[in-house]
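In: Below is the structure, and that's it, no one-letter string:
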């Protein structure tokens, strides 16, 4: 059974269409009818089993084509049939371009609707049959294996334990991790920002993986996989020795040289300490990423070994940094002080100046990234030219952390002002545009969002936040109030007033007017 919803701004038409044919005979089940596209989209968001939408084209606020566009973007498996007014043949090409499965004239006739639904049912049944084709499934499985492999291996380096289902998947993928010792390495782009698109990044990663396999296949047993624009390596040993690491180092050096020369791409590699079981891969991944942080001081296109520097830098963890951001956004001054004092005590245990500079830079980066307007911070403290240097090079760590606390408190207060100003300004922009264009027949939530360059969801949030209403309710109230003024102060025809307040159909205008005032436009004029 395929579930269907029907939409028409005249709800009676929607109900008539839903009853017109024996849907059970074709295997369809009408689960809901709606008078507007917004309610329909909200229903689709909460119900995952809808397979077909039948909608009128000419509807207020969000027409059938706009609705189809939303559905094709967010629910690509749902098919759409559009109902059009008599003679509106110009819709045919547009419907074809948008991937509409059927176009039917109004008033809807049983035979035409039956033919379209029967055609769509055949398509649904064919798609269902394809999924049962063993050969197609096998091909799909083969193409999916690299993705599954990446996901399974990444789960190993993200978790301290190996769940049973991961062990089963390792066996299924023929991944042998029955070894005594492991080293994890992480390769990252030094200049990811210069890539033009995600497709280009993926293509570049594939080329680099080919180079890596070329140099590593004779060096050591390993697993290679990609995640988040990074290439990760798990090297496997039964009898690790310094010679093993030397071979890996030579291979990595060749890989970086060839990647730079042939692909003109700069990469760096971080290498962990040796770990003795799979449970330690999570720590090894953290070590490899921390080793890569030395690029900030020592340059790019290099190999960084965690053990060659210090492990004391990890006294200040990623969790510590996350706590700073969270406290600035959600906690009070006392919590901010406690977090920074704890970090200060850890910094006092660092063994050398390089660890100190690296750690302080990470802390400052985290604090400044929390600011909605970092230039306000620079202007406040008057040290834009050398903000980092002024704080980091101070000889008294207690003074440094009091400065950091003050910066955090300033950012916390400034962020509130920036957020409030942004909300009020954006709300003012949206309301002004609606107030000046309420009489336009095609005024919609999408057109308002496009004009002020904000998302549809954010516009909805603004109306809820500033006006405690919805866009549709606000626009309807505005149009009805304008109509009241025209009914009271002019002798314009009802059809003329409807057009002046943004309704192309005087019948629909009268329906909306009475629904909101309790009077028809004519009765309202007579009583005024």
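Out: Structure received. These numbers were taken from a predicted model, which means no experiment stands behind them.

In: Would you work out how far apart the start and end of stretch 96-116 are?
Out: 14 Å (CA to CA, to the nearest Å).

In: Can you mark which positions in that stretch are buried?
Out: For stretch 96-116, a neighbour-count test (16 or more other CB atoms under 10 Å) marks 100-104, 106, 108, 113, 116 as buried. Yep, even glycine has a C-beta here, placed from its N, CA and C like the rest.

In: And those, which is closest to residue 366?
Out: Nearest to residue 366 among the buried residues of stretch 96-116, counting by CB to CB, is residue 100 at 49.3 Å.

In: So that closest one: helix, strand or coil?
Out: Judged by DSSP: H, G, I helix; E, B strand; the rest coil, the three-state class of residue 100 is coil.

In: That one against residue 81, yeah?
Out: Yes: in this structure, residue 100 is within contact of residue 81 by CB atoms under 8 Å, at 7.1 Å.

In: residues bridging contact with these two, i.e. touching both?
Out: Here residue 100 and residue 81 have no joint contacts, going by CB atoms under 8 Å, 6 or more residues apart in numbering.

In: Now residue 235: which helix or strand?
Out: If you go by DSSP states H and E, residue 235 is part of strand 230-237.

In: One more: residue 523?
Out: Element membership of residue 523, judged by DSSP H and E, is helix 521-527.

In: Could you pull out the helices in the stretch 201-350 of the chain for me?
Out: For the stretch 201-350 of the chain, helices defined by DSSP state H, counting those that start in this stretch occupy the ranges 242-263, 281-292, 295-298, 318-330, 333-347.

In: swap that for the stretch 401-528 of the chain, please
Out: Under the criterion DSSP H, counting those that start in this stretch, the stretch 401-528 of the chain contains helices at 445-452, 456-462, 471-489, 494-500, 506-517, 521-527.

In: Now render the ones you listed as JSON lines, adding mean neighbour count and mean pLDDT.
Out: Shown next, in JSON lines, are the helices of the stretch 401-528 of the chain (neighbours: other CB atoms under 10 Å; pLDDT from 0 to 100):
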{"stretch": "helix 445-452", "mean neighbour count": "16", "mean pLDDT": "84"}
{"stretch": "helix 456-462", "mean neighbour count": "16", "mean pLDDT": "80"}
{"stretch": "helix 471-489", "mean neighbour count": "17", "mean pLDDT": "90"}
{"stretch": "helix 494-500", "mean neighbour count": "18", "mean pLDDT": "90"}
{"stretch": "helix 506-517", "mean neighbour count": "17", "mean pLDDT": "89"}
{"stretch": "helix 521-527", "mean neighbour count": "15", "mean pLDDT": "87"}
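
In: Among those, which comes closest to residue 157?
Out: For those, the distance to residue 157 is smallest for helix 456-462, at 34.4 Å, taking CB to CB.

In: Give me the helix or strand of this structure that scores worst on average pLDDT.
Out: helix 295-298 (a mean of 59; mean pLDDT, DSSP states H and E).

In: picking up where we left off before, grab the two from the buried residues of stretch 96-116 that are most spread out in space.
Out: The widest separation within the buried residues of stretch 96-116 (CB to CB) is 17.2 Å, between 101 and 106.

In: Not counting its neighbours along the chain, what's nearest residue 344?
Out: In this structure, residue 344 finds its nearest non-sequential neighbour in residue 401, 4.8 Å apart by CB to CB, 6 or more residues apart in numbering.

In: Is the closest residue in space to residue 222 that isn't next to it in sequence bridged to anything, and to what?
Out: The shortest distance from residue 222 to any residue other than its chain neighbours is 4.8 Å, reached at residue 235 (CB to CB, 6+ apart). Listed by DSSP bridges, the beta-bridge partners for residue 235 are residue 183, residue 222.

In: Quick check, residue 235 in contact with residue 185.
Out: Yes: if you go by CB under 8 Å, residue 235 and residue 185 touch, sitting 7.1 Å apart.

In: Find residues that contact each of these two.
Out: Contact criterion CB under 8 Å, 6+ apart; residues shared by residue 235 and residue 185: residue 248.

In: can you give me the strands for the stretch 51-200 of the chain?
Out: 79-84, 102-105, 181-189 (DSSP state E, counting those that start in this stretch).

In: Tell me where the model's unsure across the stretch 201-350 of the chain.
Out: For the stretch 201-350 of the chain, the stretches flagged by pLDDT under 70 are 294, 296-299, 307-314, 350.

In: and if we set it to 80?
Out: Scanning the stretch 201-350 of the chain with the threshold set as pLDDT under 80 gives 228, 293-299, 307-315, 347-350.

In: now the stretch 51-200 of the chain
Out: Per-residue confidence for the stretch 51-200 of the chain (pLDDT under 80) gives these ranges: 61, 73-74, 85-98, 126-149, 151-152, 155, 158-174, 191-200.

In: ok, which stretches of it are helices?
Out: With DSSP H, counting those that start in this stretch as the criterion, the stretch 51-200 of the chain has helices spanning 64-74, 91-97, 110-131, 134-158, 164-172, 198-216.

In: hey, which of the ones you listed is tucked in deepest?
Out: helix 64-74 (a mean of 19; mean count of other CB atoms under 10 Å).

In: picking up where we left off before, for the helices of the stretch 401-528 of the chain, which one sits closest to residue 255?
Out: Among the helices of the stretch 401-528 of the chain, if distance is taken as CB to CB, the winner is helix 456-462, at 43.8 Å.

In: contact partners of the closest one?
Out: With CB under 8 Å, 6+ apart, helix 456-462 has contacts from 423, 426-427, 430, 445-446, 448-449, 470-471.

In: Tabulate those residues (a markdown table), appending distance to residue 241.
Out: Listed next are those as a markdown table, based on distance: CB to CB, whole Å:
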| residue | distance to residue 241 |
| --- | --- |
| 423 | 62 |
| 426 | 63 |
| 427 | 67 |
| 430 | 67 |
| 445 | 66 |
| 446 | 65 |
| 448 | 68 |
| 449 | 62 |
| 470 | 69 |
| 471 | 69 |
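
In: Many thanks, have a good one.
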